[in-house]
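S.K.: my questions are about this predicted structure, shown below with the sequence.
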Amino acid sequence: MNFHNKVRSLANARFPAKVPKTVDRRFFFTVGLGISQCSKKQQCQGPNNTRVAAAVNNVTFVTPAIALLQAHFFNKSKGVYTTDFPANPPFKFNYTGTPPSNIMVSSGTKVVVLPFNTSVELVLQDTSIIGAESHPLHLHGFNFFIVGQGNGNFDPKNDPKKFNLVDPAERNTAGVPSGGWVAVRFLADNPGVWFMHCHLEVHTSWGLKMAWIVQDGKRRNQKLPPPPSDLPKC
């Protein structure tokens with residue numbers, strides 16, 4: 001964390017740091033592990049036939065049979081995904097302290113929908129459930145600015161006062177500190193469906209991922225183009 005805090009943007013006329021100074025939507029995502037219930041047909045090694053799972057805001061992502069981008073573009077989301085991904089954890093607890101007694105996660109194919117050009121502030125909070133760990137969170141489709149990070153639980157009252165909005169690092173992957181948090185800002189100006197996932201492959205396979213849908217803007221160059229005519233069909 002000490003090293004990452006020293007990494008800054010050049011923030012000059014040639015390489016400006018276009019950090020969103022105002023925020024339209026704020027999100028607080030917990031990232032970490034939990035357990036999920038296995039079906040009666042499965043034999044899982046966890047207590048009461050459970051297995052280790054990974055989740056964002058207690059939702060472990062279920063990969064759909066139809067591509068999210070395809071379902072979004074053709075307005076056929078029914079049965080593929082829902083737009084009710086929680087903006088905050090479903091219940092509050094001491095995220096980096098003693099884990100709650102119930103560490104079961106829910107599952108689903110849930111996304112967040114953003115109007116074109118929405119400025120987003122996202123705080124990613126590690127949890128100590130099963131074990132605190134640094135999670136490299138990668139966002140497709142955008143670069144973001146790492147405006148703050150810290151140990152322990154994010155303090156929404158005092159921590160934002162220390163955010164760097166002048167020359168923060170511009171990245172597409174942020175390491176969520178083990179037992180800590182990281183705050184990023186980005187401008188949702190790229191229409192489409194964009195995954196955000198942990199770059200530890202085992203965690204991604206366990207469901208530590210979600211997706212953002214950025215809607216079209218009004219201008220021609222702000223709209224999602226159709227699939228190529230020669231795109232191979234699955």
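M.R.: Okay, I see it.

S.K.: so where's the protein shaky on pLDDT?
M.R.: For the chain, applying pLDDT under 70 flags the ranges 234.

S.K.: now do the lengthiest strand in it: distance to the chain's middle.
M.R.: Secondary structure assigned by DSSP state E gives strand 25-37 as the longest strand of the chain. Offset of strand 25-37 from its chain centre (C-alpha atoms, centre = their mean, to the nearest Å): 9 Å.

S.K.: buried sites along that strand?
M.R.: 26-37 (16 or more other C-beta atoms under 10 Å). C-beta: built from backbone N, CA, C; applies to glycine.

S.K.: can I get whatever helix or strand comes next after it in PDB, CA atoms only?
M.R.: Per DSSP states H and E, strand 25-37 leads on to strand 50-56 as the next helix or strand towards the C-terminus. Only the C-alpha atoms of strand 50-56 are listed here, as PDB (Å, rounded to 0.1, in the frame of the first residue of the first chain):
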ATOM      1  CA  THR A  50     -21.500 -26.700   1.400                       C
ATOM      2  CA  ARG A  51     -18.600 -25.400  -0.600                       C
ATOM      3  CA  VAL A  52     -16.400 -22.300  -0.600                       C
ATOM      4  CA  ALA A  53     -17.700 -19.500  -2.800                       C
ATOM      5  CA  ALA A  54     -16.700 -16.000  -3.600                       C
ATOM      6  CA  ALA A  55     -19.000 -13.000  -3.900                       C
ATOM      7  CA  VAL A  56     -19.400  -9.300  -4.500                       C
END
